[in-house]
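Novice: Give me coordinates for this.
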Amino acid sequence: MKTAHLIKISLVILALFMANGMHPAKATSNEDNAKIYLAFFGNPGCPPCDEDWSKITQLAQEYPNFKVRRFDFLSKENVKLWESLCKSYGVPEDDIRDAKSGAFVGDNYLLELEITEERIQNLISKYSATGTKPPWNAVEPGKEGLVERFKRWSVFAVIFAGLADGVNPCAFAVFVLFISYLAYLGKKQRKIVLAGLSFILAVFTTYLLVGIGILLFMRRLAIYSTVSHILNVSIGILAIILGSVSLYDYYLSRKGKLESMKLQLPRSIKDQIHRFVRKTKGSKFLIPFSFATGIVISLFELGCTGQIYLPTIAFVVGDPGMQAQALGYLLLYNFMFIVPLLAVFALVGMGVQSQKLASITQKHTGKTKLLIATILFVLGGLLLMLG
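Specialist: Here you go, the predicted model:
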């Protein structure tokens, strides 16, 4: 009996062992091995971009294998990755400049309006068996992408634009008037130095704040492709028109007809600026008054000096890679804008007479107009290309 009982137990154990051994091995799920990775690029605060991202994240919740990651253009590293992926995937350069958003998955890419739920689901089905590699790990950021090529000379373009704007007779002549008037009033050298620096600081601050305001406004408009296109083309055409007028002013200056030039402050505004400068005489608070004078005069002159400033900002906004350093470009532009003012200030401090400075300004007005025209033509052409 004991033997029979042992045999029964042995048979049961053997049956369980065989059943376990014959049980099919658990299939490796797609969730473990066939992960599908998608890289999304866009601008923060861009409604179409956020809508596309919302579609993508919703699908990521529905498909556990679908792994997504967002990269915003405001990061320099993300822009480099975007350029590198675009190059690797063969995206045309015109599309790279124009696209406000894009997605990469497997061997496919989608740009803006192509990012739909149906197309993404088709890609998920396409790669459900094989999975994909994370696009952000598949390539190394390019050392010489589109933005990098622009950046090599765009810095110099901003420098020259700021300098050209700074020697613009609109800004140059008024500062000469202000400093020479302080000297005429018999102010002490120390006070003239402080007043001049206060004036220049006000000009820098005012132009920078105005530039930041324009930049933020244009960046908000740039998230809409149609509006961005219209904006670039419009400012580009305006820049070329102003360049043509500046070229005509160059012709007039060669004929000695400086008063007939088109791109200059109206006589009424010039008179108001002169009256405001003369009020310095009765001011007991020379330094703060000089700062206030710089602000007021800067605002008066915006209509004249803004002819280069606006196209330059539009050019910066027009390229995602330059947007990432937009504030740096504004700081550089405005610093170069005040460099001529600092030079005039130094010359006055060294005893150079205001009459001589005024004579030099008039003598080189034509060259200044020609330089401004050249820069406006270049900026206008670039904006039309970006548009």
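
Novice: for the chain, what spans make up the strands?
Specialist: Shown for the chain, the strands assigned by DSSP state E span residues 36-42, 66-72, 102-105, 108-111.

Novice: ok and the first one relative to strand 66-72, angle-wise?
Specialist: Meaning strand 36-42. 20 degrees (axes from the mean of the first three to the mean of the last three CA atoms, to 10 degrees).

Novice: elements contacting strand 36-42?
Specialist: helix 47-62, strand 66-72, helix 76-89, strand 102-105, helix 117-126, helix 135-138 (3 or more CB pairs under 8 Å, 6 or more residues apart in numbering; DSSP states H and E). Bear in mind the C-beta positions are built from the backbone N, C-alpha and C, glycine included.

Novice: Ok, the last one next?
Specialist: Counting contacts by 3+ CB pairs under 8 Å, 6+ apart, the secondary-structure elements packed against strand 108-111 are helix 76-89, strand 102-105, helix 117-126.

Novice: hmm, who's touching it?
Specialist: Outside strand 108-111, the residues within contact range by CB atoms under 8 Å, 6 or more residues apart in numbering are 85-86, 89, 91, 95, 99, 101-103, 119-120, 123, 126.

Novice: helices or strands up against the helix ranked longest in the chain?
Specialist: Counting residues, the longest helix in the chain under DSSP state H turns out to be helix 189-222. With contacts defined as 3+ CB pairs under 8 Å, 6+ apart, the packing partners of helix 189-222 are helix 169-184, helix 225-254, helix 286-317, helix 326-349.

Novice: Tell me the confidence at E118?
Specialist: Taken from the predicted model, the pLDDT recorded for E118 is 93.

Novice: What is the burial count for A346?
Specialist: 11 (other CB atoms under 10 Å).

Novice: Compute the distance between it and I214, please.
Specialist: As judged by CB to CB, to the nearest Å, A346 and I214 stand 30 Å apart.

Novice: next one: L347
Specialist: Looking at L347 against I214, where the rule is CB to CB, the gap reads 32 Å.

Novice: next one: K257
Specialist: Using CB to CB, we find K257 at a distance of 33 Å from I214.

Novice: Between those two, tell me which one has more neighbours.
Specialist: Neighbours were tallied for K257 and for I214 using other CB under 10 Å; the higher tally belongs to I214 (17 against 11).

Novice: quick one, what contacts that one?
Specialist: With contacts defined as CB under 8 Å, 6+ apart, the neighbours of I214 are 309-310, 313.

Novice: Between those, which sits nearest N334?
Specialist: N334 has its nearest neighbour among these in Y309, at 9.0 Å by CB to CB.

Novice: The closest one reaches L208, doesn't it?
Specialist: No. Counting by CB atoms under 8 Å, no contact exists between Y309 and L208, whose distance comes to 10.7 Å.

Novice: neighbour-wise, which of those two wins?
Specialist: Regarding Y309 and L208, a neighbour count based on other CB under 10 Å identifies Y309 as having more, with 21 against 17.

Novice: about what we covered before: just name the most buried of the strands of the chain.
Specialist: Highest mean neighbour count of those: strand 102-105, a mean of 26 (counted as mean count of other CB atoms under 10 Å).

Novice: per-residue confidence averaged over that strand?
Specialist: Taken as a whole, strand 102-105 carries a mean pLDDT of 94.

Novice: Stretch 336-348 too?
Specialist: Per-residue scores along stretch 336-348 average to 82.

Novice: List the buried residues of it.
Specialist: Taking 16 or more other CB atoms under 10 Å as the neighbour-count basis, stretch 336-348 is seen to contain the buried residues 336-341, 344-345, 347-348.

Novice: CSV for the residues you listed, including distance to E112?
Specialist: What follows is the buried residues of stretch 336-348, written out as CSV (distance: CB to CB, whole Å):
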residue, distance to E112
M336, 36
F337, 36
I338, 40
V339, 41
P340, 43
L341, 44
V344, 49
F345, 50
L347, 53
V348, 55
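
Novice: can you tell me which two in those residues are farthest apart?
Specialist: M336 and V348 (20.1 Å).

Novice: Nearest to D50, out of the helices and strands packed on helix 189-222?
Specialist: Judged by CB to CB, the one of the helices and strands packed on helix 189-222 that comes nearest to D50 is helix 225-254, at 15.1 Å.

Novice: Now that closest one: average pLDDT?
Specialist: Confidence over helix 225-254, taken as the mean pLDDT, stands at 81.

Novice: what angle separates it from helix 47-62?
Specialist: In this structure, helix 225-254 runs at an angle of 150 degrees to helix 47-62, with the same axes, to 10 degrees as the basis.

Novice: Are there helices or strands packed against helix 225-254, and which ones?
Specialist: Other elements packing on helix 225-254 under the criterion 3+ CB pairs under 8 Å, 6+ apart are helix 189-222, helix 286-317, helix 365-386.

Novice: coming back round to it: would you list the contacts of I214 in TSV and tack on distance to F40 and pLDDT?
Specialist: TSV is the format used below for these (distance: CB to CB, whole Å; pLDDT from 0 to 100):
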residue	distance to F40	pLDDT
Y309	34	84
L310	32	84
I313	28	83
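
Novice: sorry, back to before: go through the helices and strands packed on helix 225-254 and name the closest to L113.
Specialist: helix 189-222 (16.7 Å).

Novice: what's near enough to touch V155?
Specialist: Going by CB under 8 Å, 6+ apart, the list of residues near V155 reads L332.

Novice: which residues sit in contact with the residue nearest to L379 when sequence neighbours are not counted?
Specialist: Leaving aside its sequence neighbours, L379 sits nearest to P311 (CB to CB, 6 or more residues apart in numbering; 4.0 Å). The neighbourhood of P311, defined by CB under 8 Å, 6+ apart, consists of 235-236, 238-239, 376, 379-380, 383.
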